[in-house]
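In: The sequence isn't on hand, but the structure is:
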Ligand code: ADP
Ligand code: MG
C-alpha cells in the first residue's frame, strides 16, 4: 500500500470547504453525481471519436445505494458510474492535488472571508473534496476504460491518502462514503431523492437508487424486505426541450448544477436555431461574476455538445473572452462527433454559432437595459468591465456594446449610457467630454471640470483603470436612429488634454491674452524643463492652475499607472500647465520682478495642480519649502 501526502493546497481547501460550506453540505451529492456524469460524458465521447475505444459498448448509468447500520453507527453511501474511470496515476493526480494554477490566489482570497462567501467556493467546483463534510473516510474503487487493473484510493480527508490494488468488474468508479454521525441523515431514500431532484434532475444520464422496501403480509405484519432499484432523475437534455414545456424552476435547477452556484441565475437565454444551421443554446448570466473572471487561467463557462454528446467544457474559443462570465451549453446538429480540438478552432459551423450567440446575448442585454431596471443594475455592477473589454476586442459588435456600457457623470449619481448623455447635451454642444485618471472623488474635485460645470456641460467620470485604454480607442459615438439633420456622430474628448476646451463659452479674449503674456513668460522661464508649455486657461473658474496632457501624449495618471505596472522604460511625460489669469495668485505676478518669488509661485502652481489630480509630486520637500516662504509674506 502506497502512502501519499496531500498537496498543501488540498489540505487548506479541505479545511475551508468543511468550515465555509457546512450549512450547505448536501451539495456533496451534486458534486459526486456531476463527476460521475463527466466521467460518462468522457467515455461516451471516446467511444465515438477514438478507434481504440470503439469496441467498448456500455449503457451509461449512475447508481446510488446506501447502507444504514444504526447499531454499529456505521452507515455508508455509494455512488458508482461506468464511465472513464481512473488508474493509479489519475487517482493521485485528481484526488491528491489541485491542478489549476489560479488556486493559490483563490484560496488566499477565500481565507480572508471564508464564512461569508460560500458561493465562491461552490463556483470553484470544489467537487470531490466536499464529500468530507459528511464522511470521515472515503474509498474510491476505480478501473480505467481499456485497462485491466483496478485501484482503491482511501483517505480520511486529514492529510493524506493511500492507493492500493483492487478489483472491479467493469470500467468506472465507485465512491464509498463512510458517513459521520451527522452525515447519516443522507443514508435515507427520501433525502437522496430530494437532493437529486433538486440539483441533478437534468443530468443527461439515468441515476438509479437502490433501496430496501419492507413487505407486509395481509394482516399488516412485516414479513421481510425486498430490494428495489428506481430511476430518480428525469434526465432530458433541458436545452433540447421546447421553451413552452419548461418553467423557471427547471432552468434554475439546471443552472445550479451547471454553474456550481447555490444562487439562481440573474437571467437565462434559451435559443433553438432551425433552418440552414441547426443548434440549441442555453446561456445563463450569474448574479455574481465568476470568481476567476480576472484570472488568465479562468475556466470557460460554456460546454459544447454535438447531437447531445458532450464534447468539451474547456474551450475558451466558444465565447469571446469578454463574455467569459456566461455559463451554458451549445449543442450543434451540424458538427461531426469526432471533431478534434484543432478543427474546432477554425470550424465554420462553430464560428457561425458563436457569432449568432454573441448577437443574441447582446440583444438580450439591450432588452434587459430597456425593461428591467433592477436586474440591469445588478448586471452592470458585475459586468460593465468585461463589456468595456469587448469595446476594443470585438470590433464587429462595438456599436452594440457601446449602447450597453455605463459611466458615471458630473450631473447624476448613478450610471448613464452614452445615449443618455447625448440626449441631454446642449443643442450647440459638439463633443462628448470625459475625464480619466484616479478615483471618482478625485476626478469630481478636479479643477479641470470647473468651466464645464459653469457652462452646463456634463462630463463623464471615468474612474476605471481600463477606461484610459479603451475610450481613446473608441474615439467616437454614433447616435443610433438619429433623425435627419440631427448630428449623428460625436467625438469623445478627454478634458485633461490640450484642445478639449474649444467649446468653453468664454473665447480667449485678445486683450486678456495680451495682458497675461508677461505672466506666462515669467512662469515658463521659472519652470523651464518641468513643463511642456504654460498657457492661459479657458477651463478654470475658481482654481489658479491645472495640468493637461498634450493631445497625443498619455496622461500623467496613465504614465504613473504604467510605471507602477513595471514599465520603467516610459519616456518622461511633461504636462502642460494652464493658469487662470483672473485668479489673484496669477494676476498678482504681473508686478513681481523678484525671480525667487516668481519661482516659488510657479512651483506651487504646478505642484498643487499635480496633487489635485492625484499625481505624486517629485520633490514634496521643495513644495513645502516654497509654500512656507509664500505664507510668511
Ligand atoms: P472537477 O470535477 O471540477 O474537476 P472534482 O474535485 O470534482 O473537480 O474532481 C477532480 C477530478 O477527479 C476530476 O476532474 C476527475 O478527473 C476526477 N474524478 C472525480 N470523480 C471521478 C469519477 N467518478 N470518474 C472519473 N474521474 C473522476
Ligand atoms: Mg467535479
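Out: It's in. All of these numbers come straight from a predicted model, not from anything done at the bench. Ligands and ions are numbered 1, 2, ... in the order given.

In: Name the residue of the chain that lies nearest to ligand 1.
Out: As assessed by CB to the nearest ligand atom, ligand 1 sits closest to residue 127 within the chain, at 2.1 Å. Any C-beta I mention is one placed from the backbone N, CA and C, and that applies to glycine too.

In: show me the contacts for that residue.
Out: 31, 34, 35 (CB atoms under 8 Å, 6 or more residues apart in numbering).

In: Return the member of the residues you listed nearest to ligand 2.
Out: residue 35 (4.3 Å; CB to the ion).

In: pLDDT wise, what is that closest one at?
Out: Note on residue 35: pLDDT of 90.

In: so which helix or strand takes in it?
Out: Taking DSSP states H and E as the definition, residue 35 sits inside helix 27-49.

In: Residue 212 and ligand 2, how far apart?
Out: Look at residue 212 and ligand 2: by CB to the ion, to the nearest Å, they are 30 Å apart.

In: three-state assignment of that residue?
Out: Put simply, residue 212 is strand when judged by DSSP: H, G, I helix; E, B strand; the rest coil.

In: beta partners for residue 173?
Out: residue 81, residue 142 (DSSP bridges).

In: likewise the one 4 residues further on?
Out: Beta-bridge pairing for residue 177 (DSSP bridges): residue 77, residue 138.

In: Looks like it contacts residue 134 (just checking).
Out: Yes: counting by CB atoms under 8 Å, residue 134 is a contact partner of residue 177 at 6.5 Å.

In: ok so, going back, can you give me the buried ones in the helix or strand just after the helix holding residue 35?
Out: Once helix 27-49 ends, the next helix or strand along the chain (criterion: DSSP H and E) is strand 62-67. Residues of strand 62-67 classed as buried by neighbour count (16 or more other CB atoms under 10 Å): 62, 63, 64, 65, 66.

In: Looking at the residues you listed, spot the one nearest residue 159.
Out: Nearest to residue 159 out of these is residue 66 (CB to CB; 27.8 Å).

In: hang on, residue 225 in a strand?
Out: Yes: secondary structure of residue 225 (three-state DSSP): part of a strand.

In: Name the residue of the stretch 401-550 of the chain that lies nearest to ligand 2.
Out: Relative to ligand 2, the nearest point of the stretch 401-550 of the chain is residue 466 (32.9 Å; CB to the ion).

In: Counting neighbours, what do you get for that residue?
Out: 16 (other CB atoms under 10 Å).

In: who in the stretch 101-250 of the chain is up against ligand 2?
Out: Taking CB under 5 Å from the ion as the contact definition, the stretch 101-250 of the chain meets ligand 2 at residue 127.

In: ok, which stretches of the stretch 101-250 of the chain are strands?
Out: Counting by DSSP state E, counting those that start in this stretch, the stretch 101-250 of the chain has strands at residues 135-143, 150-155, 160-166, 172-179, 207-216, 222-231.

In: I'd like to know which of these is closest to residue 286.
Out: Across the strands of the stretch 101-250 of the chain, closest to residue 286 is strand 207-216 (CB to CB), at 25.4 Å.

In: Let me know the angle separating that closest one from helix 27-49.
Out: 120 degrees (axes from the mean of the first three to the mean of the last three CA atoms, to 10 degrees).

In: tell me which residues of strand 207-216 are tucked away?
Out: 207, 209, 211.

In: Can you name the residues that contact the second one?
Out: With CB under 8 Å, 6+ apart as the criterion, the residues that contact residue 209 are 64, 65, 189, 192, 193, 196, 229, 230, 232.

In: out of these, which are buried?
Out: Here, 16+ other CB under 10 Å leaves 64, 65, 189, 192, 193, 196, 232 buried among the contacts of residue 209.

In: pLDDT check: weakest of the residues you listed?
Out: Lowest pLDDT within the buried ones among the contacts of residue 209 is found at residue 196 (90).

In: circling back to that earlier point, please list which of the contacts of residue 127 also come close to ligand 2.
Out: Within the contacts of residue 127, those near ligand 2 by CB under 5 Å from the ion are residue 35.

In: Mind putting the contacts of residue 127 into TSV with neighbour count?
Out: As requested, the contacts of residue 127 are exported to TSV (neighbours: other CB atoms under 10 Å):
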residue	neighbour count
31	22
34	20
35	21
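
In: May I see the contacts of residue 127 organised as JSON lines, with distance to residue 364 added?
Out: Converted to JSON lines, the contacts of residue 127 look like this (distance: CB to CB, whole Å):
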{"residue": "31", "distance to residue 364": "30"}
{"residue": "34", "distance to residue 364": "27"}
{"residue": "35", "distance to residue 364": "32"}
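
In: returning to that earlier point: which one of the contacts of residue 209 is nearest residue 94?
Out: Using CB to CB, the shortest approach to residue 94 within the contacts of residue 209 belongs to residue 64, at 20.8 Å.

In: Looking at the chain, which residue is nearest ligand 2?
Out: Taking CB to the ion, the chain has residue 127 as its residue nearest ligand 2, at 3.1 Å.

In: Help me confirm that residue 585 comes into contact with residue 605.
Out: Yes: counting by CB under 8 Å, residue 585 touches residue 605, with 7.1 Å between them.

In: now the stretch 301-450 of the chain, which segments are flagged as low pLDDT?
Out: 337-342 (pLDDT under 70).

In: Let's see that with 80 instead.
Out: Across the stretch 301-450 of the chain, the ranges flagged by pLDDT under 80 are 307-311, 336-346.

In: Tell me the residues that contact both of residue 177 and residue 134, please.
Out: In contact with both residue 177 and residue 134: 77, 183, using CB under 8 Å, 6+ apart.

In: show me where the stretch 451-600 of the chain has helices.
Out: Here the stretch 451-600 of the chain has its helices, by DSSP state H, counting those that start in this stretch, at 467-474, 510-527, 556-564, 584-587, 595-612.

In: Point out the most buried one among the ones you listed.
Out: Comparing the helices of the stretch 451-600 of the chain by mean neighbour count (mean count of other CB atoms under 10 Å), helix 595-612 comes out on top with a mean of 20.

In: relative to helix 595-612, how tilted is the helix or strand just after it?
Out: Sequence-wise, the next helix or strand downstream of helix 595-612 (DSSP H and E) is helix 620-632. Angle of helix 620-632 versus helix 595-612, following the same axes, to 10 degrees, is 120 degrees.

In: In helix 620-632, which of the residues would be classed as buried?
Out: 623, 626.

In: Over to stretch 317-337?
Out: So for stretch 317-337, counting by 16+ other CB under 10 Å, buried means 317-320, 322-332, 334-335.

In: do the same with stretch 127-147
Out: Going by 16+ other CB under 10 Å, stretch 127-147 has these buried residues: 127-135, 138-146.

In: So residue 243 sits against residue 270, correct?
Out: Yes: here residue 243 reaches residue 270: they are 5.7 Å apart, a contact under CB under 8 Å.

In: between those two, which one's more packed in?
Out: residue 270 (18 against 9).

In: Ignoring the adjacent residues along the chain, who's closest to that one?
Out: Of all residues not flanking residue 270 in the chain, residue 282 sits nearest, at 4.9 Å (CB to CB, 6 or more residues apart in numbering).

In: How is that neighbour assigned, secondary-structure-wise?
Out: Residue 282 - assigned by three-state DSSP - is strand.

In: Return the residues of the stretch 101-250 of the chain in contact with ligand 1.
Out: 125, 127, 128, 129, 173 (CB under 6 Å from any ligand atom).

In: quick check, nearest of these to residue 53?
Out: Distances from residue 53 to those, taken by CB to CB, are shortest for residue 173, at 16.8 Å.

In: That closest one contacts residue 39, correct?
Out: Yes: counting by CB under 8 Å, residue 173 touches residue 39, with 6.4 Å between them.

In: The two: which is more packed in?
Out: It is residue 173, of residue 173 and residue 39, that has more neighbours when counted by other CB under 10 Å, with 27 against 24.
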